[in-house]
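Visitor: return a 3D structure for these sequence lines:
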Amino acid sequence: MATKRKNIEYINRDFSEIRASLVDYAKTYFPTTYNDFTPTSPGMMFMEMAAYVGDVLSFYLDNQIQETYLQYARQTNNLYELAYMFGYKPNVTQVATTYIDFYQQVPAIGTAPNIVPDFDYALSIPQNSIVQSTTTPGVSFLIEDPVDFSVSSSGDPTEVTVFSLFGSNPNYFLLKKTRKAISATINTTTFTFGSPQQFSTVTINADKIVGILDVFDTNDNEWYEIDYLAQDAIYKSIKNTNPNDPNLSQYEGDTPYLLQLEQVQRRFITRFLNSGSLQLQFGAGTANDTDEYIVPNPDNVGLGLPFEKTKLTTAYAPSNFIFTKTYGIAPSNTTLTVRYLTGGGVVANVPANDLTTLSTTAQFLNYNLDPTAAQTIFNSLAVTNPIAADGGGDGDTTEEIRQNASANFATQLRNVTQDDYLVRALSMPAKYGVVSKAYIEPTKAVSLSAGESNSVLDLYVLSFNVNNKLQYASTALKQNLTTYLSQYRMVNDAVAIKDAFIINIGVNFDIIVLPEFNSNQVLLDCITALKEYFAIDKWQINQPIILKDINVLLDQIRGVQTVKNVEISNFVGVNLGYSQYSYDIKAATVANVIYPSLDPSIFEVKYPDTDIQGRVVNL
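Guide: I've put the predicted structure just below:
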């Protein structure tokens, strides 16, 4: 006899639904066996106990499913794991930032009128120096870059002022340097490794971990932090000196460091397990594994794949083109010394002029100095923060982890649009050269060869000299920028770095002043307003000059009755300190708008003190 098929519902999830389903099931399939469904009956007790177990199991099942989705997870540990899967490293603390001013005196040298600072007495402060707060115990700030008072460049100027006079001549000068600082303290821990283990991990447990500063082993080999273990190339900077690069050392003034890509075997990744635990994971190979250095070619592409036929359907990636399995080497028979940073929080938002204690010892670069004078100079070293530190706070909230992880997964640090390249170029660290102005566009059609695809982007750049005036980017800066962009460039993009054109201009204007105002003062106010309007920090490549805006600006100056005339002129001539390129201002003016050239260019008032002139005229 065939068994009667029972109709079982699987959609009941909570206690009352499961209980009602069990009662209906008993009434339907066991109508004569059991029919006492009163609340106090033994049968109802067992049904309710079964409903209770089903309700609890349903809750845990729902919860486990929920915790596998980034947008719904609520448990912090799961959120950290999901963020790691999406390539985002949560912030467990927010560091405060500020700027630290460093001051020192140097004696004067020379005879009038050629009295200059004696830079033999310039001090040097090493990188990763610590400045401590005087009012908040335990709060310190880290300066990542070294301070060298003897070097001055557009990206790292040394301000020189007269400190004291002997008679009418300077006998001491004051040097000033500025560095960005973050609220962080350097901590050290060690980990000992025996025989090599694949993908070995160690964990640092501490509060407010900012990140890893550096890792060195017993043999003083440095281990490098990378984004993922398959990444074998890192950015590395070297001093721009003649021994390092004879061809580019001539640009040391504006490009003190050269950026290089270097392949490394000793590498690791980090991930936060929770707000107080940072895990370091290493590779799986040994020091004898050198497959990172294999150059991909038709003979070894697919090395490690079980069958050559799988090459037909394998998705190759630039980071793992030959499918190596080491992902870097594992530490073995050594001790790693790990320096990591902790700090941040609301308490790190210290007020201005609070960071005045330098915990790191400065030193002279020249040792053949007068001891008494050297001690006087050494004692003159002072530090302070002219502005209050801000930005310190708690780590990412659960909602911030969700949003930041989603955004990180979408961008993946790749340059996809033109604006991505623009922002990436402007964000290159200053020690590799300062890209002050940038503009990007596809290569013009007239520049393409027959049948050539329009996949080349022209990136036009300019930099500042030590006087904050526009200049053409040096070869060293362009090389650093090329290296910097190479890691973020899409495989089908080609970026050509070019010089934008500088058009130097002057401004002449005539105004009528109201009778009750001082003409000289009104004229001075107008010139000051125009200097601010044409400040080069506010101008971008291919930005036009709108004459109507200048008229409105002058009309708003207190005491101006009427603006009679505004004229823009072109200054040209290298011998005079201007650009070599002339520009027809009159021909470029349409409807009171002066347009830049078709080739990307920028207008600059190079010498505002002399190139902006005005007159007061009568009605």
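Visitor: ok, E67 touching Q75?
Guide: Yes. Judged on CB atoms under 8 Å, E67 makes contact with Q75 at a distance of 5.8 Å. For glycine as for every other residue, the C-beta is placed from the backbone atoms N, C-alpha and C.
Visitor: of the two, who's got more company?
Guide: E67 (17 against 12; other CB atoms under 10 Å).
Visitor: could you report the distance from that one to K89?
Guide: 20 Å (CB to CB, to the nearest Å).
Visitor: and if you look at G194?
Guide: According to CB to CB, G194 stands 29 Å off from K89.
Visitor: more crowded one of these two?
Guide: Shown here are G194 and K89; by other CB under 10 Å, K89 has more neighbours (19 against 10).
Visitor: any idea which element the more buried one lies in?
Guide: Per DSSP states H and E, K89 falls between elements, in no helix or strand.
Visitor: so what pLDDT did it get?
Guide: Predicted confidence (pLDDT) for K89: 87.
Visitor: what of the one 10 residues further on?
Guide: The predicted local distance difference test score for Y99 is 93.
Visitor: also the one 4 residues further on?
Guide: The pLDDT attached to Y103 in the predicted structure is 96.
Visitor: likewise S319?
Guide: Listed pLDDT for S319 reads 51.
Visitor: go on, K469?
Guide: Looking at K469, its pLDDT reads 88.
Visitor: now for the longest strand seen in the chain, which elements pack on it?
Guide: Using DSSP state E to define each element, the chain has its longest strand at strand 169-183. Applying 3 or more CB pairs under 8 Å, 6 or more residues apart in numbering; DSSP states H and E, one finds that strand 169-183 contacts strand 97-109, strand 140-143, strand 159-166.
Visitor: now, of those, which is deepest in the fold?
Guide: With neighbours defined as mean count of other CB atoms under 10 Å, the helices and strands packed on strand 169-183 peak in mean count at strand 140-143, which reaches a mean of 24.
Visitor: tell me how far the next helix-or-strand element following that one is from the chain's mean position?
Guide: Once the chain leaves strand 140-143, the next helix or strand it forms, by DSSP H and E, is strand 147-148. With CA atoms, centre = their mean, to the nearest Å as the basis, strand 147-148 stands 22 Å off its chain's centre.
Visitor: sheet partners, orientation included, of strand 147-148?
Guide: The strands beside strand 147-148 in its sheet (DSSP bridges) come out as strand 123-125 (antiparallel).
Visitor: pLDDT of the strand it pairs with, averaged?
Guide: pLDDT averaged over strand 123-125 gives 93.
Visitor: and stretch 537-550, by the same measure?
Guide: Stretch 537-550 comes out with an average pLDDT of 93.
Visitor: contact partners of that stretch?
Guide: In this structure, residues lying in contact with stretch 537-550 by CB atoms under 8 Å, 6 or more residues apart in numbering are 437-439, 460, 462, 500, 505, 507, 509, 530, 533, 566, 568, 589, 592-596, 600-604.
Visitor: may I see the domains of the chain written out as residue ranges?
Guide: What automatic domain parsing lists as the domains of the chain is 15-66, 93-184+343-393, 501-616.
Visitor: which of these sits closest to K208?
Guide: Of all the domains of the chain, it is domain 93-184+343-393 that lies closest to K208, at 4.0 Å by CB to CB.
Visitor: off-centre distance for the closest one?
Guide: Centroid displacement of domain 93-184+343-393 relative to its chain, using CA atoms, centre = their mean, is 24 Å.
Visitor: and stretch 582-602, by the same measure?
Guide: Relative to its chain's centre, stretch 582-602 lies at 35 Å (CA atoms, centre = their mean).
Visitor: tell me which residues in that stretch are buried?
Guide: Y583, I585, A588, I594, P596, P600, S601, I602 (16 or more other CB atoms under 10 Å).
Visitor: run a quick neighbour tally on the nearest residue to D62 once chain neighbours are set aside.
Guide: Once flanking residues are discounted, D62 sits nearest to R13: 7.6 Å by CB to CB, 6 or more residues apart in numbering. Counted with other CB under 10 Å, residues neighbouring R13 total 14.
Visitor: could you do P515 as well?
Guide: Counted with other CB under 10 Å, residues neighbouring P515 total 8.
Visitor: now do it against F37, distance only.
Guide: According to CB to CB, P515 and F37 sit 105 Å apart.
Visitor: show residues contacting stretch 415-432.
Guide: Residues contacting stretch 415-432 (CB under 8 Å, 6+ apart): 145, 155-156, 237, 255-259, 414, 435, 438-442, 457, 459, 461, 477, 480-481, 484-485, 488-490, 493, 495.
Visitor: how about the residue nearest to D62, what does it touch?
Guide: D55, S58, D62.
Visitor: could you check how far the residue nearest in space to the middle of the chain is from A535?
Guide: Centrality entry for the chain: nearest residue to the mean C-alpha point is S427, 6.1 Å, by CA atoms, centre = their mean. When distance is defined by CB to CB, S427 is 22 Å away from A535.
Visitor: before we move on, what about V552?
Guide: Distance from V552 to A535, counting by CB to CB: 18 Å.
Visitor: okay, strands next: where are they in the stretch 501-619 of the chain?
Guide: Using DSSP state E, counting those that start in this stretch, the strands of the stretch 501-619 of the chain run over 501-513, 545-546, 560-571, 589-590, 593-594, 601-604, 612-616.
Visitor: over to the stretch 251-400 of the chain?
Guide: Taking DSSP E, counting those that start in this stretch as the criterion, the stretch 251-400 of the chain contains strands spanning 257-263, 267-274, 277-282, 334-342, 355-358, 363-364, 382-384, 393-394.
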